[in-house]
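> Predicted model follows, preceded by the sequence.
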Amino acid sequence: GAVVSQHPSRVICKSGTSVKIECRSLDFQATTMFWYRQFPKKSLMLMATSNEGSKATYEQGVEKDKFLINHASLTLSTLTVTSAHPEDSSFYICSARGTGGTEAFFGQGTRLTVV
Amino acid sequence: RKEVEQDPGPFNVPEGATVAFNCTYSNSASQSFFWYRQDCRKEPKLLMSVYSSGNEDGRFTAQLNRASQYISLLIRDSKLSDSATYLCVVNGGWGKLQFGAGTQVVVTP
C-alpha cells in the first residue's frame, strides 16, 4: 500500500507552547488528508478534513483556532496544536487519500504529552 | 445512536479456533466498508476491504449485509499474532471515514 509518514512519533512539550505535527504522503498525491485523535481504548475521532489548497473542515466541537491545519501541497499536511494544555495529550494520527481513492493510508501516529 | 457500532470484546479465542464479530452502521447510503487492524499504540492498518458479494483473504472472511446494515469479519485458524483490535470503518461519503470503537481479539495458546 501507499506510504504515509508522520513526524514526530513522540513529543513532550510544556503547557502553553505550540507543537507542529507533519504528515507526508511519500509515493502518491494526497488530495485529502484527515486528522484524528485517539484516547486510550477509544475509537479514532475525526478532528478535521483538509483538501489541498483549501481551508480545513473541522468536526463539531473541535476548535479550529487551537488545532491549526495546513494542507499546502499534495504531499504535506500539518497540524499545529497551539497553546497546548495537558488535556491535549493524546495520540494524533493522520491519514491520506489519493484522487479517486476510497481507502485511506495512515501515518504512524504522534503521541503528544503536554506537561 | 453511534454511526458505527462494534462489540468492544474482548473475544478470548484459543489458538486454532474460529472467531467472528459484527459491526453495524447507521447510514444506509454508505458506499464502502473496510476492516482495519490496530495493534496497541500503533496506527491502524488496512486488513481488507469488504465487497458486496463477500470476500476472503486467507484466513479472513468479510461479509456485507446491506439490508441489515452490518458487516462481519471471521477469522479461521486463529494465530497468536491475530491478537489486536479490529476496527470497522465505513466510508460515510466525501471520503470521510467513520470508525467503530474496535473489537479486541485475544488469541491464547
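Good, I have the coordinates.
> Pull the number of nearby residues for residue 106.
Since you didn't name a chain, this refers to chain A. 23 (other Cβ atoms under 10 Å in any protein chain shown). To be clear about C-beta, it is placed using only N, CA and C from the backbone, and glycine gets the same treatment.
> Chain B, not that one
For B:Val106, using other Cβ under 10 Å, the count is 15.
> pLDDT value on B:Lys96, please?
Per-residue pLDDT puts B:Lys96 at 71.
> ok, it touching A:Phe34?
Yes - shown here, B:Lys96 and A:Phe34 form a contact pair, counting by Cβ atoms under 8 Å, at 7.4 Å.
> State the distance from A:Gly109 to chain B.
5 Å (Cβ to the nearest Cβ, to the nearest Å).
> Could I get the phi/psi values of that residue?
Main-chain dihedrals, A:Gly109, degrees, to the nearest 10: phi 90, psi 150.
> which of B:Lys96 and A:Phe34 has more neighbours?
Just comparing B:Lys96 and A:Phe34: by other Cβ under 10 Å the higher neighbour count belongs to A:Phe34, 25 against 16.
> contacting residues for the more buried one?
Residues counted as contacts of A:Phe34 (Cβ atoms under 8 Å, 6 or more residues apart in numbering or on different chains) are A:46, A:48-50, A:94-97, A:104, B:96-97.
> what residues do B:Lys96 and A:Phe34 have in common as contacts?
With Cβ under 8 Å, 6+ apart as the test, B:Lys96 and A:Phe34 both reach A:46, A:49.
> which residues of chain B fall in strands?
Remark: strands assigned in chain B by DSSP state E are B:4-6, B:11-14, B:19-25, B:32-38, B:45-50, B:55-57, B:60-65, B:70-75, B:84-91, B:97-99, B:103-108.
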